[in-house]
Every structure is written in C-alpha cells, then in structure tokens.
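**Student:** Let me see the structure of the following:
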Amino acid sequence: MSPVLPDLLRIPDDFRSGAPLIVLLHGRGADKDDLASLSEFLPEGAAAAFPRAPFPAAPWGYGPGYAWYRFLGGATPEPESFSEGQTALDRYLAALPARLPHPPGPIVLGGFSQGGTSALAWALAHPGRVAGVLMLSGFLAEHPSVVVEPRTASGLEVFWGHGTIDPNIPYALGEAGRSALRSAGARVEAHDYPMGHSIVRDEMEDARMWLEAKTLRR
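**Tutor:** Residues are numbered from 1 along each chain as shown. Coordinates of the predicted model:
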C-alpha cells in the first residue's frame with residue numbers, strides 16, 4: 001500500500017485558516033471521484049477530500065474500483081485487510097492538513113457503505129480527532145480495533161442516515177450500530193429514508209444542516 005492514498009482534493013478560493021475540512025470515503029467497488037458530487041452539500045468555504053481506498057476491488061468480486069477491506073458478511077470485515085485499510089487511512093489523514101494552504105478547523109470524517117464503516121472505526125480508535133462522523137448507509141464493524149465504550153465514543157457526534165429497505169446493509173445493522181454508540185455516550189442523529197443502498201437528496205439536505213451545526217458554529 002502507498003503511504004498516502006491518491007485522492008481528489010477540492011480547496012475553495014475562499015478557504016481560510018480554521019475553515020472546515022470534510023473527508024469522504026467511497027464505498028466498495030467505487031473510486032475517489034464517486035462522492036465528489038456531494039460537494040454542493042458541504043459547508044460554504046470548507047475544503048473537501050475524497051481519498052481512494054487502498055485495495056483493488058476486482059480480486060474480491062467488487063467491480064472495477066477499489067475497496068477499504070474485504071467483507072465477510074453481516075457486520076464482519078476480514079480482519080487483516082480491515083486493519084491495513086485503517087492504517088492507510090491513518091497515514092492519509094496525518095498527511096492531509098499539510099497539503100492545505102491554511103490550517104483547517106474542524107474535521108468531519110465520513111463516507112458511504114464501506115467508507116462510512118471505515119470512517120466510524122477510525123474515529124472510535126482516535127477519540128477527539130474529528131468533529132463528527134458522517135455515516136451514510138454503513139455499519140459498526142465487528143473487529144478488535146473497533147471498541148465502543150465511553151472512553152472511545154462519549155461525546156462523538158454522528159450523523160447516521162440509512163435506507164429502510166437497504167438490501168446490502170440491512171436497516172437492522174444500522175439500528176444496532178446506532179444503539180451501541182448511544183449506549184456508550186455518542187450523540188447520534190439518526191435519519192431514515194425509504195431507499196435501498198444509496199444516497200438521496202433529502203438525506204444530503206439533512207446532512208448539510210448537521211454539518212453546518214458541527215463545523216460553522218464551533
């Protein structure tokens with residue numbers, strides 16, 4: 001794996017010191033450009049980064065893009081690839097601020113499907129490092145590195161959007177993840193949508209309001 005993942009980095013002309021930085025991770029089988037269209041829903045003046053996952057997806061049957069880990073079923077990732085994906089993400093996030101023209105302010109980490117799952121796992125393993133987690137149809141991974149207890153989750157801000165008819169990551173997994181986080185003291189804002197495994201405009205409009213509350217008003 002490369003120490004720093006390839007990415008799409010969008011820095012607005014009005015980016016200033018202390019402005020938000022939003023990092024969004026794509027789902028399995030996709031690429032760094034997959035979530036770029038969500039930029040319109042991000043806070044004004046925020047920088048946005050869209051890294052590419054470290055593993056080719058094709059060997060695991062996930063299509064022509066990339067993946068953050070190999071999926072075993074349910075809420076279980078393959079342990080070794082999941083750990084390697086987390087390490088790659090950690091290196092990427094460590095190098096990212098230095099690439100901006102000014103020091104960023106609050107950082108929100110999120111993503112769709114595998115990307116959301118990976119983002120939440122990283123945030124739990126690094127308490128206090130992000131202003132919030134934007135979870136779009138992901139799950140709470142069953143992996144030794146993912147520890148949900150007050151030490152890791154208390155005060156963590158999470159937006160969790162999920163489809164009630166999601167055939168890939170069932171709604172029940174979303175509910176289980178939300179419940180576990182709340183029990184450990186996380187502040188979870190849950191939104192349900194009559195959709196499958198996707199992202200809809202209503203969800204992103206809700207996410208926009210949550211992002212503004214967690215970044216611009218700090």
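**Student:** so where's the protein uncertain?
**Tutor:** Counting by pLDDT under 70, the chain has low-confidence residues at 1-3, 216-218.
**Student:** just the helices in it please.
**Tutor:** When secondary structure is read from DSSP state H, the chain shows helices at 79-95, 114-125, 150-153, 171-183, 201-215.
**Student:** Quick check on residue 6: phi, psi?
**Tutor:** phi -60, psi 150 (degrees, to the nearest 10).
**Student:** Skipping adjacent residues, who's closest to it in space?
**Tutor:** residue 52 (4.6 Å; CB to CB, 6 or more residues apart in numbering). Using the backbone N, CA and C atoms, a C-beta is placed for each residue, glycine as well.
**Student:** give me the number of residues near the nearest residue to residue 208 once chain neighbours are set aside?
**Tutor:** Ranked by CB to CB, 6+ apart and with sequence neighbours excluded, the top spatial neighbour of residue 208 is residue 41, at 4.5 Å. Counted with other CB atoms under 10 Å, the neighbours of residue 41 add up to 18.
**Student:** so residue 41 makes contact with residue 209?
**Tutor:** No. Under the criterion of CB atoms under 8 Å, residue 41 lies out of contact with residue 209, with a separation of 9.6 Å.
**Student:** related to what we said a few turns ago, determine which stretch of the helices of the chain is the most buried.
**Tutor:** helix 114-125 (a mean of 27; mean count of other CB atoms under 10 Å).
**Student:** How far does that helix sit from its chain's centre?
**Tutor:** Centre-to-centre, helix 114-125 and its host chain are 6 Å apart (CA atoms, centre = their mean, to the nearest Å).
**Student:** returning to that earlier point: can you add distance to residue 102 and give the helices of the chain back as TSV?
**Tutor:** Converted to TSV, these look like this (distance: least, CB to CB, whole Å):
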stretch	distance to residue 102
helix 79-95	16
helix 114-125	23
helix 150-153	30
helix 171-183	32
helix 201-215	15
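**Student:** Nearest to residue 13 among those would be which one?
**Tutor:** Taking CB to CB as the measure, the helices of the chain were each checked against residue 13, and helix 201-215 came out nearest at 18.5 Å.
**Student:** gap between that closest one and the chain center?
**Tutor:** Shown here is helix 201-215, whose average C-alpha point lies 14 Å from the average C-alpha point of the whole chain (CA atoms, centre = their mean).
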